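A.B. asks: I'd like to go over a predicted model; first the sequence, then the structure.
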Amino acid sequence: EVQLVESGGGLVQPGGSLRLSCEAAGFPVSKYAMAWVRQAPGKGLAWLSAINGADGADGSTFYADSVKGRFTISRDNAKNTLYLQMNNLKPDDTAVYYCAKYPSSTYASGKFFDSRGQGTQVTVSS
């Protein structure tokens, strides 16, 4: 059974940093493309970043313009964990953050996830 469990959210001041973690079970994160998405209050799900699988793909990373240069996606294959390092956080980054798994090793725009975690709340406020 595929399981994704996010952690690391919390309250942070504007300009601050957080690192989100997503512990995966039931599959190796190295073999699948993975993503981070978020849902702000009253808004739909927004894609933030993706990373290709390392096995069978090139491990390339991709970012939405809204987070490019501020957020970094990474993966620890030994810990079977996905990360999102978030720097220079802004109030508009307030949202529930989810990690998600793609059904193959490569990301493509518009591709659907086949699994998603329960999310972790990030609140950016002074």
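C.D. replies: Structure's in. What do you need? Residues are numbered from 1 along each chain as shown.
A.B. asks: buried residues in stretch 5-14?
C.D. replies: 6, 8, 9, 12 (16 or more other CB atoms under 10 Å). For glycine as for every other residue, the C-beta is placed from the backbone atoms N, C-alpha and C.
A.B. asks: residue contacts, the spatially most central residue of the chain?
C.D. replies: Here the mean C-alpha position of the chain is nearest to the C-alpha of residue 36 (CA atoms, centre = their mean), at a distance of 2.3 Å. Residues in contact with residue 36, defined by CB atoms under 8 Å, 6 or more residues apart in numbering, are 20, 22, 48-50, 71, 73, 82, 84, 97-100.
A.B. asks: Can you convert the buried residues of stretch 5-14 into TSV and add a column each for pLDDT, secondary structure and distance to residue 125?
C.D. replies: Compiled in TSV, those are given as follows (pLDDT from 0 to 100; DSSP: H, G, I helix; E, B strand; the rest coil; distance: CB to CB, whole Å):
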residue	pLDDT	secondary structure	distance to residue 125
6	98	strand	20
8	98	coil	17
9	97	coil	13
12	98	strand	8
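A.B. asks: Report the beta-bridge partner residues of the residue nearest to the centre of the chain.
C.D. replies: residue 49, residue 99 (DSSP bridges).
A.B. asks: Against residue 108, how distant is the residue nearest to residue 7 when sequence neighbours are not counted?
C.D. replies: The spatially closest residue to residue 7, leaving aside those adjacent along the chain, is residue 21, at 5.1 Å (CB to CB, 6 or more residues apart in numbering). The spacing between residue 21 and residue 108, counted by CB to CB, to the nearest Å, is 25 Å.
A.B. asks: quick one: which of the two has more around it?
C.D. replies: Higher neighbour count among residue 21 and residue 108: residue 21, with 17 against 11, using other CB atoms under 10 Å.
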